[in-house]
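A.B. asks: Give the three-dimensional model of this entry:
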Amino acid sequence: MIRNFLSVAYRNLLHNKFFSTINIAGLAVGMAAAFLILLWIQDEKSYDTFHEKKDRIYEVWNKVAMAGEMECWNTVSAPTAAALAKDLPEVERAVRVNFNDDFLFAAGEKKIIASGITVDTGFLQVFTFPMLEGDATTALSDMHSIVLTEKMARNLFGDESAIGKIVKIEHKDNYTVSGVLKDLPNNSRFHFAYLLPWSSLKYGQGQDLGWNDNSTPTYVLLKPHVNVSAVAAKVKDEKQRYSTDAKHMKWELFLYPLSRWRLHSSFTNGVEDNGGRSAYVKIFGIITILILLIACINFMNLSTARSEKRAKEVGIRKAVGAGKSSLIGQFIGESIFIALLAGVVALILVLLCLPAYNKLTDKQLFIDYGNPYTWLFFIGFVLCTGILAGSYPAFFLSSFQPVKVLKGTFRQGNALVTPRKALVIVQFTCAIILIICTIIVKQQIDYGRNRTTGYNKDQLIYHFMTGDIPKNYSLIKNELLESGAAVSLTRTNSPLTERWSDGWGQSWAGKDPNVNISFDRYLADEGLGATAGLQFIAGRDFDLQKYPTDSTGLIINESALKLMKFKDPIGMEVSDLGIKWHIVGVIRDFILTSPYEPTRPILICGAKSAFMTFQVVQIKLSGSTAGSLSKVASIFKKYNPDYPFEYTFVDEAYALKFDNEQRQGTLAAVFAGLTIFISCLGLFGLAAYMAENRIKEIGVRKVLGASVASIATLLSVDFVKLVLISFLIAAPFSYWMMHKWLQDYQYRVTIQWWVFVLACSLSVIIAIATVSHQAIRAALVNPVKSLRKE
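C.D. replies: I've put the predicted structure just below:
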């Protein structure tokens with residue numbers, strides 16, 4: 001019987017090549033799109049799940065009241081790890097992580113620059129990073145030991161064993177390679193080329209920064225089978241016990257499980273919200289379902305539309321004893337067969353598209369063909385798609401009455417509402433929703449891009465202060481200015497596009513001591529205003545040559561001035577980090593963090609700051625960019641010969657702030673386009689069948705004097721009505737959905753009426769363009785040929 005079913009299915013495919021091609025193409029494109037999205041979702045959900053003890057690993061978070069709201073963040077005081085390990089018997093290990101800048105590594109004559117992390121000795125017992133050489137339990141026990149990744153070891157020592165070899169870092173300290181790790185997986189929050197032991201860090205006098213600093217990522221591994229709720233209650237007051245801020249601030253710590261790091265990690269007023277990447281995973285999961293549903297609807301519509309062609313086959317099978325269940329089995333089997341063919345085509349499409357898709361998503365996705373679960377998933381996916389696509393046609397076709405069919409009295413009705421019309425409406429409703437959402441996402445991205453930054457990004461670059469740059473900075477500065485390569489330059493603690501320091505505890509005249517306000521901190525020596533093009537509304541820029549006391553000067557932004565409520569801020573004192581700063585200037589707000597968030601109050605401190613250090617050189621180029629860069633590079637090479645001149649344009653760094661939204665918006669636009677394509681493919685097939693089925697009616701109308709335009713309009717108008725109904729359903733739903741999405745952004749676009757008009761117009765134009773070809777072709781047929789059989 002199965003052989004017979006396959007034979008019939010194969011003959012039907014060959015007999016109806018046009019409709020079979022549309023069916024297979026629609027399903028293949030839909031399945032390929034679903035495969036690609038599911039690969040992305042699987043990658044997002046798999047982050048850090050490779051750690052063997054993942055169910056017992058937690059990140060320690062801070063929680064404290066700040067300006068009337070509970071603030072949460074995932075770094076704590078450096079002594080927290082040791083305190084938790086000592087005070088809580090349920091904690092098996094507690095480890096700290098410090099993300100290092102790029103360091104220069106030398107092994108013999110080989111020199112490379114690499115970034116890594118400094119960790120406590122138990123890091124490799126908490127997290128699973130397999131070692132190719134060395135012992136994970138002792139590899140970081142000595143302060144002069146270093147663990148390299150396989151790639152880093154190969155770059156330094158070639159194919160020789162790296163164990164026991166000496167590596168010099170920054171021309172200063174020698175480290176002995178004690179272990180080599182297998183190269184890291186991509187789906188991890190940790191990306192490093194080396195590990196250094198925490199004991200190698202040098203904080204001032206060799207001590208950690210203490211309980212008043214809150215910048216150390218800390219992780220705990222709980223013992224098996226402990227009561228997490230009981231542990232959380234003990235962890236909660238741990239910082240409050242030790243911190244000297246306890247009199248002024250109510251500190252809380254909490255444990256955040258590894259399973260929520262990647263997709264969640266978003267809090268509002270101390271409570272986990274629906275933000276984070278989980279929202280994107282849900283959105284793309286819905287898009288996957290919609291695309292697959294639309295592809296299946298194509299199959300349903302074309303199968304039921306051509307039901308008259310197979311009505312006699314059903315009648316004969318029933319007349320010779322075939323039951324309804326066997327007919328249902330036959331038709332579902334045929335749809336699974338077609339789904340299998342479409343699945344093979346879909347896999348080929350995925351292979352062809354994967355390189356471009358990886359570039360678009362900034363991932364390294366792949367299909368693991370050697371994993372049996374991959375093939376089980378593929379078979380299950382094909383079966384589910386085939387059953388979903390074939391279910392309605394199977395029940396519809398198997399319900400025909402053999403007497404009516406064989407007498408020739410069977411005809412499909414032309415009711416006002418039919419399942420086929422409803423399915424077309426569902427298709428285009430999904431497509432229009434995606435069109436509207438894509439337009440609004442693009443508007444939101446453009447809205448953020450067009451927001452005034454508060455500084456001039458043009459011709460502005462930055463370079464990290466590597467190697468000999470700190471000691472030769474004055475020479476570099478003078479030569480850059482004298483050569484005409486730079487208009488101005490300055491030193492800062494971070495790039496203009498990033499916040500590396502913030503804090504609270506400042507005091508000034510008139511401040512309420514019971515209110516805690518967090519400020520962003522920035523460090524500059526002189527010339528920041530001229531270099532970055534900051535706009536002063538009062539006072540002046542730092543000028544250490546003319547005003548030596550500017551080393552304790554302070555520049556604040558408008559947001560800070562509003563909080564401090566100074567009528568005449570110039571000369572007023574602000575105490576912070578043990579230093580009394582005096583305000584020398586007030587600038588307009590500029591965007592330091594996200595362009596979708598309100599500008600935070602900023603304190604730009606003078607050069608005396610002991611807490612922050614100069615990390616970055618900001619340079620304003622002059623004249624031709626290429627010519628100036630060449631001069632700047634040669635000067636840096638002269639005074640810092642062991643390090644490459646690696647610069648970043650500030651405008652490019654600023655553009656990265658939109659990278660996530662841009663990537664998700666592009667993905668949404670691509671899949672919206674595929675949805676429209678699949679919908680139009682089905683519409684094209686339906687229009688072709690409609691034209692074929694009404695060929696005699698068209699012939700009669702032409703004989704009676706109907707024009708080509710009137711016939712084409714007649715054949716197209718029904719589809720346009722369905723698209724308009726789809727729009728009426730899609731418009732309010734998409735408005736609600738995008739209004740909710742925009743609430744995550746404090747700076748957001750207003751949803752405007754023309755977006756819906758544009759989406760409706762595009763949908764109608766696309767539908768007419770799809771149907772008109774078949775309609776005009778049918779209208780041009782010679783009526784003599786179409787009526788010959790009559």
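
A.B. asks: got the residue ranges for the strands in the stretch 551-700 of the chain?
C.D. replies: Secondary structure of the stretch 551-700 of the chain (DSSP state E, counting those that start in this stretch): strands located at 553-557, 573-576, 579-587, 602-605, 616-621, 647-649.

A.B. asks: hey, which of those strands is tucked in deepest?
C.D. replies: strand 553-557 (a mean of 26; mean count of other CB atoms under 10 Å). To be clear about C-beta, it is placed using only N, CA and C from the backbone, and glycine gets the same treatment.

A.B. asks: ok, it: who's next to it in the sheet?
C.D. replies: Sheet pairing for strand 553-557, assigned by DSSP bridges, gives strand 579-587 (parallel), strand 602-605 (antiparallel).

A.B. asks: re earlier: can the strands of the stretch 551-700 of the chain go into CSV with extra columns for mean pLDDT?
C.D. replies: Listed next are the strands of the stretch 551-700 of the chain as CSV, based on pLDDT from 0 to 100:
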stretch, mean pLDDT
strand 553-557, 95
strand 573-576, 92
strand 579-587, 94
strand 602-605, 94
strand 616-621, 89
strand 647-649, 93
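
A.B. asks: Out of these, flag the one nearest residue 515.
C.D. replies: Nearest of the strands of the stretch 551-700 of the chain to residue 515, taken as CB to CB: strand 573-576 at 14.9 Å.

A.B. asks: Does anything pack onto the closest one? Which helices or strands?
C.D. replies: In terms of contacts (3 or more CB pairs under 8 Å, 6 or more residues apart in numbering; DSSP states H and E), strand 573-576 is packed against strand 507-508, strand 579-587, strand 602-605.

A.B. asks: Rebuild the ones you listed as a markdown table, extending it with distance to residue 221.
C.D. replies: Converted to a markdown table, the helices and strands packed on strand 573-576 look like this (distance: least, CB to CB, whole Å):
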| stretch | distance to residue 221 |
| --- | --- |
| strand 507-508 | 40 |
| strand 579-587 | 39 |
| strand 602-605 | 38 |
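
A.B. asks: Looking at the ones you listed, spot the one closest to residue 564.
C.D. replies: strand 507-508 (5.7 Å).

A.B. asks: Show me the contact partners of the next helix or strand after that closest one.
C.D. replies: Scanning forward in sequence from strand 507-508 by DSSP states H and E, the next helix or strand is strand 519-523. Strand 519-523 is contacted from outside by 492-494, 499, 501-504, 506, 560, 576, 592-593, 600-605, 607, 609, 611-614, using CB atoms under 8 Å, 6 or more residues apart in numbering.

A.B. asks: Only the buried subset of these, as a ChimeraX command please.
C.D. replies: One line in ChimeraX is enough to select the buried members of the contacts of strand 519-523, burial here meaning 16 or more other CB atoms under 10 Å:
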select :492,493,494,501,502,503,504,506,560,576,592,600,601,602,603,604,605,607,609,611,612,614
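
A.B. asks: Helix, strand, or coil at residue 276?
C.D. replies: Classification of residue 276 using DSSP: H, G, I helix; E, B strand; the rest coil returns coil.

A.B. asks: dump the residue contacts of the residue nearest to it when sequence neighbours are not counted.
C.D. replies: Leaving aside its sequence neighbours, residue 276 sits nearest to residue 266 (CB to CB, 6 or more residues apart in numbering; 4.0 Å). Residues near residue 266 by CB under 8 Å, 6+ apart: 272, 273, 274, 275, 276.

A.B. asks: redo that, cut-off 10 Å
C.D. replies: Residue 266 sits next to 72, 260, 272, 273, 274, 275, 276, 277, 278, 279, 744 when contact means CB atoms under 10 Å, 6 or more residues apart in numbering.

A.B. asks: By neighbour count, which of those residues wins?
C.D. replies: Among those, the one with the most neighbours (other CB atoms under 10 Å) is residue 72, at 20 neighbours.

A.B. asks: Wait, a helix at that residue?
C.D. replies: No: using three-state DSSP, the assignment for residue 72 is strand, not a helix.

A.B. asks: The host helix or strand of residue 97 pairs with which strands, parallel or anti?
C.D. replies: Element membership for residue 97, per DSSP H and E: strand 91-99. Partner strands and pairing direction for strand 91-99 (DSSP bridges) are strand 117-119 (antiparallel), strand 218-222 (antiparallel).

A.B. asks: any idea which residue sits dead centre in the chain?
C.D. replies: Centroid-nearest residue in the chain, with CA atoms, centre = their mean: residue 660, separated by 4.7 Å.

A.B. asks: For that residue, which residues are in contact?
C.D. replies: 277, 280, 362, 445.

A.B. asks: rewinding a little: flag every buried residue along the strand holding residue 97.
C.D. replies: Neighbour counts over strand 91-99 (16+ other CB under 10 Å) mark 91, 92, 93, 94, 95, 96, 97, 98 as buried.

A.B. asks: what's the answer for stretch 500-518, then?
C.D. replies: Neighbour-count burial for stretch 500-518 [16+ other CB under 10 Å]: 500, 501, 502, 503, 504, 506, 508, 516, 517, 518.

A.B. asks: now do stretch 359-374
C.D. replies: Buried residues in stretch 359-374 (16+ other CB under 10 Å): 361, 365.

A.B. asks: any idea how far residue 345 is from residue 562?
C.D. replies: Per CB to CB, to the nearest Å, residue 562 is found 61 Å from residue 345.

A.B. asks: who's more crowded, those two?
C.D. replies: Set residue 562 next to residue 345 and count neighbours by other CB under 10 Å: residue 345 wins out with 17 against 12.

A.B. asks: quick one: the more buried one from residue 686, how far?
C.D. replies: 21 Å.

A.B. asks: and the host helix or strand of residue 231 with strand 218-222, angle?
C.D. replies: Per DSSP H and E: residue 231 is located in helix 228-236. If you take axes from the mean of the first three to the mean of the last three CA atoms, to 10 degrees, helix 228-236 sits at 140 degrees to strand 218-222.

A.B. asks: And helix 228-236, how far out from the chain middle?
C.D. replies: Averaging C-alpha positions (CA atoms, centre = their mean, to the nearest Å) puts helix 228-236 33 Å from its chain's average.

A.B. asks: by contact count, what packs against it?
C.D. replies: When contacts are defined as 3 or more CB pairs under 10 Å, 6 or more residues apart in numbering; DSSP states H and E, helix 228-236 packs onto strand 57-66, helix 80-87, strand 91-99, strand 218-222, strand 252-257.

A.B. asks: Out of the ones you listed, which gets nearest to residue 30?
C.D. replies: The closest of the helices and strands packed on helix 228-236 to residue 30 is strand 252-257. By CB to CB, the value is 35.7 Å.

A.B. asks: Could you list the buried residues of the closest one?
C.D. replies: Per 16+ other CB under 10 Å, strand 252-257 contains these buried residues: 252, 253, 255, 256.

A.B. asks: do stretch 700-717 as well
C.D. replies: By neighbour count on 16+ other CB under 10 Å, the buried set for stretch 700-717 is 701, 702, 711, 712, 714, 715, 716.
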